[in-house]
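Undergrad: Compute the structure for the input listed below.
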Amino acid sequence: MPLAAAAAAAACPTPIGLPRPSCRASAPPRRRHRFRLEASSSASTPAPAPATADEGPGAGPCPVVRFDMADFTVADRVSVGLHGRSDEMIFEATVRDPSSELYGSTVVLRQLTSSQAKRRGRRALEVLKKLARRQMMYHSYAMQVHGYVTPSKAMEEGDGPLVLVHGYHGSYSLRHWLQLSDWLPTLEATLALDEEQVRRVGDDSIGGPAVTRQLRLIRILMRDLLIGVNYLHSHGMAHTELRLENVHVSPVDKHVKVGILGNAVDFQDSDPSNSTVTSNNERRKMMIAFDMRCVGFIMAKMVLRELMDPSTFLKFKSFLNKGNDPSCLREFLVPVLSQNSPSGNIGLQMLDRNWGAGWNLLALLLATKSDKRISCVDALRHPFLCGPKWRISPTVNVLRWGLGSTAVRLAEDYIYGHPQRRRLAHFIELMEVLNPNSRTENWLHLLPGRWCLLYSTGKHIGLTFRQPIPRVLITDAFLTFAQAPEFVDPVLSLTSEIGFKIMPESDWPHDKSGTEGNLLVTTSARITSGRIYTNTEDMKGSRITPSSYLRGKWGKSSNMKQLPASLPAGNINVDEDEVDVSMSCGSTLNVNSAGKVLQEVRTQTPPEMFDLSKIVCGTYIDSRLMILRGVNGSALLFIRSNHASRVGVVACHVPTRVIEIAQGDWKNGSW
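TA: Have a look, this model is predicted:
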């Protein structure tokens with residue numbers, strides 16, 4: 001934001017060695033000697049000879065210019081979007097030397113005072129020399145450093161500040177752009193989006209709904225950012241400081257510029273005693289993974305503008321720092337961002353498009369393990385960054401993700417009609433065919449945790465047109481697998497937890513604030529390997545009914561010409577002799593009333609959640625979804641639950657009365 005001259009002079013001091021603008025006008029001209037020099041690692045070391053030209057497109061000398069103090073006219077305003085630190089002072093200036101190639105252009109003077117800041121400045125000059133091989137790419141996707149101001153005697157002794165001269169790409173960082181009230185049309189005008197730009201991102205329409213417009217713009221920004229980061233990685237360097245404050249959008253060449261490379265690091269180990277091929281490869285992978293995680297944070301803030309709020313972003317980052325899988329981000333963020341969202345959930349709609357491709361890319365960028373994070377090249381080929389007009393063949397992993405995301409979205413729309421139920425059942429069957437973790441070891445690794453029941457093909461969960469007494473509303477149904485302390489693998493403790501509310505009988509359609517309760521069923525289970533059969537002639541001994549799996553576009557995408565005779569599964573053998581059942585409620589109930597409540601809960605919930613022995617096997621599992629099959633062939637779809645994203649049933653913590661149910665009464669249904 002421009003400020004008045006007096007305010008600028010009072011708030012921001014003039015760089016050391018640079019006179020104020022009012023004094024410069026009367027200063028007599030003097031002869032200046034100018035040199036084109038390479039960067040040096042020490043400010044006191046004389047600069048070596050100029051860099052030589054490299055062959056190839058965009059190659060050429062990469063000079064670092066030594067400027068005199070009188071080469072600039074300092075502007076009477078300062079900018080707030082150039083991301084200065086506490087040990088840096090930022091000034092806009094105009095080059096007034098007629099013999100300079102930059103004559104008349106606006107530059108930024110960055111005065112570095114602390115030893116650490118000066119180290120970053122010298123490092124930026126070294127990086128400029130190293131990236132001289134392809135200047136065109138460097139100038140397109142990185143903030144250019146022209147040189148530095150001639151050091152004074154104090155600077156040569158190491159006591160004075162270092163003043164860098166770098167390119168000016170507007171007063172706003174990307175963070176400031178996104179914080180504007182009219183950021184979308186302003187950025188579109190700055191990037192001068194035309195038919196060619198639209199074609200590049202694969203969108204054949206200009207303007208249109210807000211979701212389409214923002215998605216198109218984010219594709220352009222993300223692709224430019226990834227190209228620039230990939231340029232650094234291909235030259236053996238990592239940025240290490242990627243964030244919105246360090247990214248600028250140039251209105252001149254319409255490119256995204258990453259900030260000054262003052263903290264860029266080489267992949268090669270600087271320790272000669274440790275410089276082995278293995279250590280260098282590990283260092284390279286670690287630094288690339290760190291950059292990609294930073295790109296993931298930038299993408300999250302651009303798409304989900306609610307994360308620009310520090311408190312909301314702290315919750316987002318805390319979720320990842322606790323070791324939660326990023327593939328579960330949607331379930332965590334939907335309830336957080338749905339509360340007083342200023343953007344109208346446009347970001348959630350963008351990530352949900354193309355079968356949840358945006359969530360998939362975000363999960364790959366923020367993967368917990370560094371070796372699982374996606375590279376720049378693969379990210380540029382991801383369906384989320386390629387528009388619908390680009391024919392990108394999805395990988396099997398993306399296909400699995402799309403199937404699971406579609407099934408979740410269908411289940412969230414609350415099933416009423418048979419056509420939608422058939423579609424959801426079909427998606428579940430396709431997921432079973434493409435199960436990525438069929439071995440027993442995978443199930444034992446992924447099963448532990450809390451899973452929320454999302455849908456059952458055997459019974460429709462919730463209230464119907466019936467008007468029972470009492471009126472009971474099911475809140476959540478969870479299935480928890482945990483390592484049994486008294487056993488060793490592969491025995492797990494299995495707990496079914498069903499939360500419910502007893503609503504007032506008079507005004508229950510409008511008043512859902514009833515008495516909360518909780519039903520717990522606990523037992524142990526052993527996981528073994530098994531198979532389910534899909535062909536009728538192979539159905540002997542199987543309790544799963546066959547069905548047609550591969551139909552429509554999903555079947556074509558899977559490239560499976562023939563359905564296999566059987567599919568691997570994880571058998572779940574429940575110990576029926578050690579079933580513990582209890583019900584708690586927030587109010588005192590007599591035995592007759594408790595029996596009616598329990599009967600209504602059983603009526604509205606799949607039988608597999610009460611009698612855990614009815615669960616036969618698991619047919620699909622990944623880090624976010626799980627499918628279990630019951631004895632009657634019904635499929636139960638679960639989504640991994642995170643404690644931070646859902647509110648538990650209060651009654652299970654402060655019950656006023658707990659009713660223990662005998663196993664015989666439980667089995668014969670006398671309750």
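Undergrad: All the strands of the stretch 151-300 of the chain, residue numbers only.
TA: 162-167, 237-238, 247-249, 256-258, 265-266 (DSSP state E, counting those that start in this stretch).
Undergrad: mind putting the ones you listed in JSON lines, distance to Ala124 and mean pLDDT included?
TA: All C-beta atoms are positioned from the backbone trio N, CA, C, and that covers glycine. JSON lines is the format used below for the strands of the stretch 151-300 of the chain (distance: least, CB to CB, whole Å; pLDDT from 0 to 100):
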{"stretch": "strand 162-167", "distance to Ala124": "7", "mean pLDDT": "84"}
{"stretch": "strand 237-238", "distance to Ala124": "12", "mean pLDDT": "86"}
{"stretch": "strand 247-249", "distance to Ala124": "15", "mean pLDDT": "87"}
{"stretch": "strand 256-258", "distance to Ala124": "12", "mean pLDDT": "85"}
{"stretch": "strand 265-266", "distance to Ala124": "12", "mean pLDDT": "82"}
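Undergrad: Next, format these as TSV and append distance to Ile615 and mean neighbour count.
TA: Formatted as TSV, these follow (distance: least, CB to CB, whole Å; neighbours: other CB atoms under 10 Å):
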stretch	distance to Ile615	mean neighbour count
strand 162-167	63	23
strand 237-238	48	22
strand 247-249	50	23
strand 256-258	51	23
strand 265-266	51	17
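Undergrad: Of those strands, give the one that comes closest to Val229.
TA: Smallest distance to Val229 across these (CB to CB): 7.0 Å, for strand 256-258.
Undergrad: which residues sit against the closest one?
TA: 141-143, 167, 169, 174, 221, 224-225, 228-229, 232, 239, 242, 246-250 (CB atoms under 8 Å, 6 or more residues apart in numbering).
Undergrad: What of stretch 607-614?
TA: So stretch 607-614 is in contact with 453, 456, 458-459, 477, 479, 494, 496, 498, 521, 523, 525, 574, 576, 579, 602, 615, 628, 630-632, 634, 636, 666-667, going by CB under 8 Å, 6+ apart.
Undergrad: Apply 6 Å and report the result again.
TA: Defining contact as CB atoms under 6 Å, 6 or more residues apart in numbering, one finds that stretch 607-614 is touched by 477, 494, 496, 523, 574, 576, 602, 615, 630-631.
Undergrad: Same list (these) but as JSON lines, adding distance to Gly296 and secondary structure.
TA: Shown next, in JSON lines, are the contacts of stretch 607-614 (distance: CB to CB, whole Å; DSSP: H, G, I helix; E, B strand; the rest coil):
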{"residue": "Ala477", "distance to Gly296": "32", "secondary structure": "strand"}
{"residue": "Leu494", "distance to Gly296": "35", "secondary structure": "strand"}
{"residue": "Ser496", "distance to Gly296": "36", "secondary structure": "strand"}
{"residue": "Thr523", "distance to Gly296": "40", "secondary structure": "strand"}
{"residue": "Val574", "distance to Gly296": "40", "secondary structure": "strand"}
{"residue": "Glu576", "distance to Gly296": "46", "secondary structure": "helix"}
{"residue": "Arg602", "distance to Gly296": "44", "secondary structure": "helix"}
{"residue": "Ile615", "distance to Gly296": "36", "secondary structure": "strand"}
{"residue": "Gly630", "distance to Gly296": "38", "secondary structure": "strand"}
{"residue": "Val631", "distance to Gly296": "43", "secondary structure": "coil"}
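Undergrad: now, the most widely separated pair of those?
TA: Taking CB to CB, no two of the contacts of stretch 607-614 sit farther apart than Ala477 and Glu576, at 20.7 Å.
Undergrad: hey, what's Gly618 bridged with?
TA: Gly570, Leu628 (DSSP bridges).
Undergrad: number of nearby residues for it?
TA: By the measure other CB atoms under 10 Å, the count of residues near Gly618 is 25.
Undergrad: Equivalent analysis for Glu432, please.
TA: Quick note: Glu432 (other CB under 10 Å) scores 24 neighbours.
Undergrad: That one contacts Ile621, correct?
TA: No. Judged on CB atoms under 6 Å, Glu432 makes no contact with Ile621 at a distance of 10.5 Å.
Undergrad: follow-up on the earlier one: can you put the strands of the stretch 151-300 of the chain in a markdown table and add distance to Glu412?
TA: As requested, the strands of the stretch 151-300 of the chain are exported to a markdown table (distance: least, CB to CB, whole Å):
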| stretch | distance to Glu412 |
| --- | --- |
| strand 162-167 | 48 |
| strand 237-238 | 39 |
| strand 247-249 | 34 |
| strand 256-258 | 35 |
| strand 265-266 | 44 |
